[in-house]
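Student: With the input below, show me the fold.
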Amino acid sequence: MQIQTLLPVVQTLAQQVADQEHLDLVSVQWLTHQSPPILRVEVRHPEDDTSLEDCERLSRALEVALDALPELEFAYVLEVSSPGLSDYLSSDRDFDAFRGFPVQVTTTAPHRGKTLWEGTLIRRDEVNVYLNQRGRSLAIPRSLIASVQLYTPSSEP
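Tutor: Numbers count the residues shown, from 1 in each chain. The predicted structure is shown next:
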């Protein structure tokens, strides 16, 4: 059996264990260029910083669940970690933490004739993301937003 064919089974199992541990599963991947292969699982605490204890707790629970899978009869290394910081904002927590930071907003369709907006993040609510553009407030509908990314503005005017 190819190791990658086990990925859906392992992802489902990891999701179940993450739910039980009240963590958000971010990604699951096999790194097969290593010997033994590495099963890398990334989790995030939904309301707080992801701690070492969160990763350890998930690792122990997932290890027990994986040992019960008959398909995993080969040696592998289980790595559980947090994904770290990303430039892309997605959760309410991200938007709260980066208020006042410069962001680029990309929309899936033109909003006021543009699909790329830059400004300082003011806030996000249920309907819009609000940017400050040189002292003027701009509301971009969340339904149009493809991504919100932190960026460093150029120093040129």
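
Student: dump the residue contacts of the residue nearest in space to the middle of the chain.
Tutor: For the chain, the residue lying nearest the average C-alpha position, counting by Cα atoms, centre = their mean, turns out to be Val26 (5.4 Å). By Cβ atoms under 8 Å, 6 or more residues apart in numbering, the residues touching Val26 are Glu42, Val43, Arg44, Ser82, Pro83. C-beta here means a position set from N, CA and C on the backbone, and glycine is covered the same way.

Student: Can you give me the distance of the second one to Glu118?
Tutor: The one in question is Val43. Distance of Val43 to Glu118, computed by Cβ to Cβ, to the nearest Å: 32 Å.

Student: More neighbours: which of these two?
Tutor: Val43 (26 against 12; other Cβ atoms under 10 Å).

Student: In three-state terms, label that one for me.
Tutor: At Val43, secondary structure determined by DSSP: H, G, I helix; E, B strand; the rest coil is strand.

Student: That one bridge partners, please.
Tutor: With DSSP bridges as the criterion, Val43 is bridged to Leu25.

Student: just checking, it touches Gly84?
Tutor: No: using Cβ atoms under 8 Å, Val43 is not in contact with Gly84; the gap is 11.8 Å.

Student: State whether Ser154 is indeed within a helix.
Tutor: No: Ser154: not assigned to a helix; according to three-state DSSP it is coil.
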